[in-house]
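>>> Structure for the following, please:
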Amino acid sequence: MMDPWELESQANRRVMNCEPMPLIAKASLKNLSMLAKTSMRLKDPTINLPYKRVKKLGVQYFPALPEKLYILVLTSPFTTELGELGKSFNSMAAQLQVSFDRMKGLNEALSESERSVTQFLEAMPVGVAVLDAKGQLYYCNHKGSELLGKELIPSATSDLLPGIYQLYVAQSDRLYPVADLPLVRALQGESTTADDIEIHQPDKIIPIEGWGTPIYDAQGNVTYAIAAFIDITERKQAEADFAERTRLAEFSSDVGLALTQSNTIQDILYCCTEAMVKHLEGAFARIWLFNEVDNVLELTASSGLYTHLNGSHSRIPVGYSKLGFIAQ
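All right, here's what the predicted structure looks like:
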């Protein structure tokens, strides 16, 4: 970087020799104080100049440029072209400053927009997670971290998500397949939903439902994948309660139908064992009747895995084996 005082000497030599070109030089912040002195000294061309042939001095400051550069321009009075060049340079400098100011305003507006979006996502009552185009976990809001039981882990890639955040197939001990996660499928341009995912935290299991959707750029390329997910514990419990009530109602209906439409006691009991296996999810069901004369339990109906009525359990004396003790 040239010393500003050397700049002045070279400028004077050029003016004295009437060289038809401007001297344009730059100074960084470390020479700013000396350049300021130089600028003040040269502000009036009649002061401290050994040669009176310098017509114009232009000092332009660009705060938006790297290193906040000052540009110093000196031109000769004897060359009209140089004067026009100086004017053009000043016009260009003004236009650059307007462009820089406009870009600064746009950047500030963009930053404010990003802050607003982040505040909006943080305030949402559902979990939100974002993957970038490389499959890297880019963002997770507060609710999402609460459901997952962990804060955002920047090193987490899509193939590691089930293991890191303990995502399992509902009602199983199998990690959820990476390729089936809505967030991962969104990177492939798919919008999907899944409600068979469970988060296994140390002290509880949280069933969730998730929605994934891709985010495209102007060229139609997927740049991000975003997923929203919610705790569906209450819904799953309500669904289980409703299913239980439905099974019991259907079981009662089949038993009632057997009592009214079957002809023999054995047919009635057989319909009852069939209803138990069907609606109560039993592996097998059996009914014994008490024979008071022989004081034994007699196997009368059997459904499911065991349908035979003979064998070691066809007649059970009262007081023997578990069933015999119950009857006693």
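
>>> rest of the way, CA atoms for contacts and neighbours
OK.

>>> Break this protein into its domains for me.
Annotated domains of the chain cover 4-116, 124-231, 238-327 [automatic domain parsing].

>>> average model confidence for the shortest one?
Per-residue pLDDT over domain 238-327 has a mean of 85.

>>> And the second one, by the same measure?
For domain 124-231, the mean per-residue pLDDT is 93.

>>> Which parts of the stretch 151-300 of the chain are strands?
Secondary structure of the stretch 151-300 of the chain (DSSP state E, counting those that start in this stretch): strands located at 167-169, 192-201, 204-216, 222-231, 284-291, 296-304.

>>> ok, residue 140 - contacts?
127, 128, 129, 130, 151, 152 (CA atoms under 8 Å, 6 or more residues apart in numbering).

>>> quick one: which of the residues you listed is nearest to residue 237?
residue 127 (20.5 Å; CA to CA).

>>> And that closest one, how far from residue 216?
To residue 216, residue 127 is 21 Å away according to CA to CA, to the nearest Å.

>>> more crowded one of those two?
residue 127 (23 against 14; other CA atoms under 10 Å).

>>> I'd assumed residue 142 was in contact with that one.
Yes - using CA atoms under 8 Å, residue 127 is in contact with residue 142, at 7.3 Å.

>>> My guess is residue 316 contacts residue 297. True?
Yes - using CA under 8 Å, residue 316 is in contact with residue 297, at 5.0 Å.

>>> list the residues that contact both of those two?
residue 324.

>>> just for the stretch 1-150 of the chain, where's the confidence low?
1-101, 104-117 (pLDDT under 70).

>>> can you rerun that using 90?
1-125, 138, 150 (pLDDT under 90).

>>> Number of residues surrounding residue 145?
For residue 145, using other CA under 10 Å, the count is 17.

>>> again, but for residue 245
12.

>>> same deal with residue 155?
10.

>>> just checking, it touches residue 136?
Yes - between residue 155 and residue 136 a contact is recorded at 7.0 Å, counting by CA under 8 Å.

>>> is it fair to say residue 129 lies in a strand?
Yes - with DSSP: H, G, I helix; E, B strand; the rest coil as the criterion, residue 129 is part of a strand.

>>> give me the number of residues near it?
22.

>>> What's the separation between it and residue 223?
From residue 129 across to residue 223, the span is 14 Å (CA to CA).

>>> What residues of stretch 119-136 count as buried?
121, 122, 126, 127, 128, 129, 130, 131, 132, 133, 135, 136 (16 or more other CA atoms under 10 Å).

>>> what do you get for stretch 183-195?
183, 184, 185, 186, 187, 189, 191, 192, 193, 195.

>>> same check, this time on stretch 164-184
165-170, 175-176, 178, 181-184.

>>> Pick the one among the residues you listed closest to residue 286.
Distances from residue 286 to the buried residues of stretch 164-184, taken by CA to CA, are shortest for residue 170, at 32.3 Å.

>>> export the contacts of residue 140 to CSV and tack on distance to residue 301?
Conversion of those to CSV gives the following (distance: CA to CA, whole Å):
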residue, distance to residue 301
127, 53
128, 56
129, 56
130, 59
151, 58
152, 59
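
>>> Closest one to residue 251 out of the residues you listed, please.
Closest to residue 251, out of all of the contacts of residue 140 and judged by CA to CA, is residue 127, at 40.3 Å.

>>> how close does the closest residue to that closest one other than its chain neighbours get to residue 121?
Spatially, and ignoring its direct neighbours in sequence, residue 127 is nearest to residue 144 (3.6 Å; CA to CA, 6 or more residues apart in numbering). As judged by CA to CA, residue 144 and residue 121 stand 10 Å apart.

>>> what sits in contact with each of those two?
Common neighbours of residue 144 and residue 121 (CA under 8 Å, 6+ apart) are residue 128.

>>> which residues are in contact with stretch 300-308?
So stretch 300-308 is in contact with 266, 269-270, 273-274, 277, 282-289, 309, going by CA under 8 Å, 6+ apart.
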